[in-house]
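J.: Pasting the sequence and the predicted model now:
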Amino acid sequence: MKKMTKHPLRITADALKKAFALNGFTLYDNGEFPELERTDTDVRIFDHPAALKAPVLLMEGQYALRRQLLPYALPKMRQDGPIAAVACGKVFDASDSLYPARLLAEGIIADDRNLYDLGVLWTKIVREAFGAAYEAHLDRLGEGAAHEEKGLLWLKGRLFSADAWQSVSPVRSLIAGILLGSCAFFNGATVIGALLILCGMAVFSDGKLDYLILALSAVSVSMLQTGFFITGESFKPAFFWGFICEDKSLTGVLGYIVSISGFSILGLALAAVFMKRAEKTFLFGCLFPVCFAFLASLTPDITVNHKYIMMSQAFLTVFWAGTICRLAGKRGKKSFIPRTLTAVLMTVCLTLTGIYDFVVILKDNDKDHRVAVRMDSTLTAWLSEHLSSEDLVLTPEYSINEVTMSGLMMYLGWPYYAWSAGYDTYARAARAEEIYGTDSAHRLQEVIEQEGIDYILYETDMSFEEHECREDVIAATYNMVYQTEDGRIRIYETR
């Protein structure tokens, strides 16, 4: 006689029901998988109005339990709130026919839990229903933190064990890396910040090869774009201690961090003592960008490192939000008032700087602090009408004005953003200075042809990089095709 085994679907359903029951849910099911025809409180679902018997047409014609089952059963449940109930039964289609080989668990919870507590509850249910291995597949960092070893033995396992390096989903990691690397020229700091956080997480995670695949694919795609768009190096990594602190000592740097972030960053470093291992490991990764900001420089302008500080600050705020939720949602009448007051005080402290910044914006957002641009400018209209996206225009170092509002392609413009990203703006500025200042028509034509410039914009009494400009040479060499009504700006065509 062959050994009889339970159907895998029923094994899964039993695991789910057991996990829900262990976490305080009342089970409405007699074990035979009917659609709640009989329950432990003798609720007979099909005794109620015919509306529930009618087929329930669900989204996209999919199948599910009738959605009114538990809401109808609640009034007949012989218990007061809070309520946590779950039902597991057969599945019927839109024509009220049994859909074979399908079971569905449907639950309801009504108590004073907050979102954080619900998230913890669901994690426990998943762990108990499917085991730690299933949860670990979703969260490699959680798997690394879930090992039972402690101290140096646990750390050794995260660095040298087979689990620490074994790849689980290389294809998914490769695709994620390609997507991340594709953002390099949209916002390079985002890519670097993400890789820094992932690097910190990888230290204590299992499946480090997945992290490595993601990082290598992201860097490779970024380098491919760099080779296509940029001649030369896009950035030069270098050790740079202290960010923009005037006092570069350790105490000076720590004081600067406190001055810009208050207690939020250093406070979490101290609060880590009371955190669970999984929280500590994630916190470790979130601190990588802010540490990088005070230790390294990738571009000529060190101030761009403020982006990494902001990234860490954004992620670290999640920890403070979790602390507030714990304080506000924890049960117990004795400590309710002090916990609530602490949560309110923390909320005020976390939002106070944002409120202050918002007030500054409101006060300074007046006519004396605005960059005003005429939207009905005839200069803007002429540029938009007569120039195409292929026309390259040499202009002074403009940022926001009537010229840039036309959307024209500028040879240089205001160089800061490109310069701070690592582009070689000095070479192009030297060429622009030569064009505007040369006294040789032959040299003027030679440089214009080399650089592929189609138009030269000249402004009365202008200088370029504090050097005198020679409009007479430009006017003698090329035809003027446009002049503003006040004669302030003139445009010369070089073709």
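T.: Nice, thanks for sending it over.
J.: how about low-confidence regions in the chain?
T.: Low-confidence segments of the chain (pLDDT under 70): 1-12, 28-83, 89-108, 110-119, 122-123, 126-143, 145-146, 232-234, 329-335.
J.: Now do the strands in it.
T.: In the chain, the strands defined using DSSP state E lie at 26-28, 83-92, 98-110, 238-239, 296-297, 392-394, 409-410, 455-459, 463-464, 467-468, 479-483, 489-493.
J.: from what I can see E402 touches A372, true?
T.: No - the criterion here is CB atoms under 8 Å, and E402 misses it with A372 at 10.6 Å. Backbone N, C-alpha and C define where each C-beta goes, glycine included.
J.: Same drill for those two, tell me which one is more crowded.
T.: Using other CB atoms under 10 Å, the more surrounded residue of E402 and A372 is E402, with 19 against 8.
J.: Backbone torsions only: list them for that one.
T.: phi -60, psi -30 (degrees, to the nearest 10).
J.: residues contacting it?
T.: Residues near E402 by CB atoms under 8 Å, 6 or more residues apart in numbering: V373, R374, S377, L379, T380.
J.: how about 6 Å then?
T.: R374, S377, L379, T380 (CB atoms under 6 Å, 6 or more residues apart in numbering).
J.: Which members of the residues you listed are classed as buried?
T.: Buried residues within those, defined by neighbour count using 16 or more other CB atoms under 10 Å: S377, L379, T380.
J.: of those, closest to R431?
T.: Within the buried ones among the contacts of E402, the smallest distance to R431 is 24.5 Å, found for L379 (CB to CB).
J.: ok, that closest one - contacts?
T.: E402, T484.
J.: can you do 8 Å?
T.: With contact set as CB under 8 Å, 6+ apart, L379 has these partners: E402, V403, S406, Y482, T484, I489.
J.: Please dump these into TSV; it should also carry distance to L352 for every row.
T.: As requested, these are exported to TSV (distance: CB to CB, whole Å):
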residue	distance to L352
E402	40
V403	41
S406	43
Y482	52
T484	48
I489	47
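J.: Which of the residues you listed lies at the shortest distance from E246?
T.: Nearest to E246 among the contacts of L379, with distances taken as CB to CB, is V403, at 38.2 Å.
J.: how close does that closest one get to Y458?
T.: The gap separating V403 from Y458 is 12 Å, by CB to CB, to the nearest Å.
J.: So for those two, which sits in the more crowded spot?
T.: With neighbours defined as other CB under 10 Å, V403 and Y458 compare such that V403 has more, 24 against 21.
J.: contacting residues for that one?
T.: Counting by CB under 8 Å, 6+ apart, V403 makes contact with L379, T380, L383, T395, L457, I489.
J.: sorry, back to before: hey, what's in contact with both of V403 and Y458?
T.: Residues touching both V403 and Y458 (CB under 8 Å, 6+ apart) are I489.
J.: Spatially nearest residue to A238, not counting backbone neighbours?
T.: S297 (5.0 Å; CB to CB, 6 or more residues apart in numbering).
J.: these two touch, right, the one you found and F240?
T.: Yes - using CB under 8 Å, S297 is in contact with F240, at 3.8 Å.
J.: Who are the contact partners of V258?
T.: By CB under 8 Å, 6+ apart, the neighbours of V258 are L266.
J.: residues near the nearest residue to S182 once chain neighbours are set aside, how many?
T.: Among residues not flanking S182 along the chain, V221 sits closest, at 5.8 Å (CB to CB, 6+ apart). The tally of other residues near V221 (other CB under 10 Å) stands at 19.
J.: Same question for G193.
T.: Neighbours of G193 (other CB under 10 Å): 22.
J.: Distance-wise, check the nearest residue to it once chain neighbours are set aside relative to N187.
T.: Nearest residue to G193, sequence neighbours excluded (CB to CB, 6+ apart): M311, at 4.3 Å. According to CB to CB, M311 and N187 sit 11 Å apart.
J.: do L196 as well
T.: L196 is 14 Å from N187, by CB to CB.
J.: With L392 instead?
T.: In terms of CB to CB, L392 sits 25 Å off from N187.
J.: neighbour count winner among those two?
T.: Counted by other CB under 10 Å, L392 and N187 do not tie: L392 has more neighbours, with 15 against 11.
J.: so the more buried one touches L412, yeah?
T.: No - with contact defined as CB under 8 Å, L392 does not reach L412; the gap is 10.3 Å.
J.: quick one on the thing from earlier: of the contacts of L379, just say which sits nearest to D424.
T.: V403 (23.6 Å).
J.: so how far is S220 from that closest one?
T.: According to CB to CB, V403 and S220 sit 39 Å apart.
J.: and if you look at A189?
T.: Separation of A189 from S220 (CB to CB): 19 Å.
J.: Y411 now?
T.: According to CB to CB, Y411 and S220 sit 32 Å apart.
J.: quick one, which of the two is more surrounded?
T.: Neighbours per residue (other CB under 10 Å) separate Y411 from S220, with Y411 holding more: 20 against 13.
J.: can you list the domains in the chain?
T.: Taking automatic domain parsing as the reference, the chain has its domains at 8-130, 170-364, 378-493.
J.: do you know which of those lies nearest F160?
T.: Minimum separation from F160 across the domains of the chain (CB to CB) falls at domain 170-364, 10.9 Å.
J.: Leaving out chain neighbours, which residue sits closest to L214?
T.: Spatial nearest neighbour of L214, excluding adjacent residues (CB to CB, 6+ apart): G177 at 4.0 Å.
J.: show me the contacts for that neighbour.
T.: Counting by CB under 8 Å, 6+ apart, G177 has contacts I213, L214, A215, L216, S217, A218, S220, V221.
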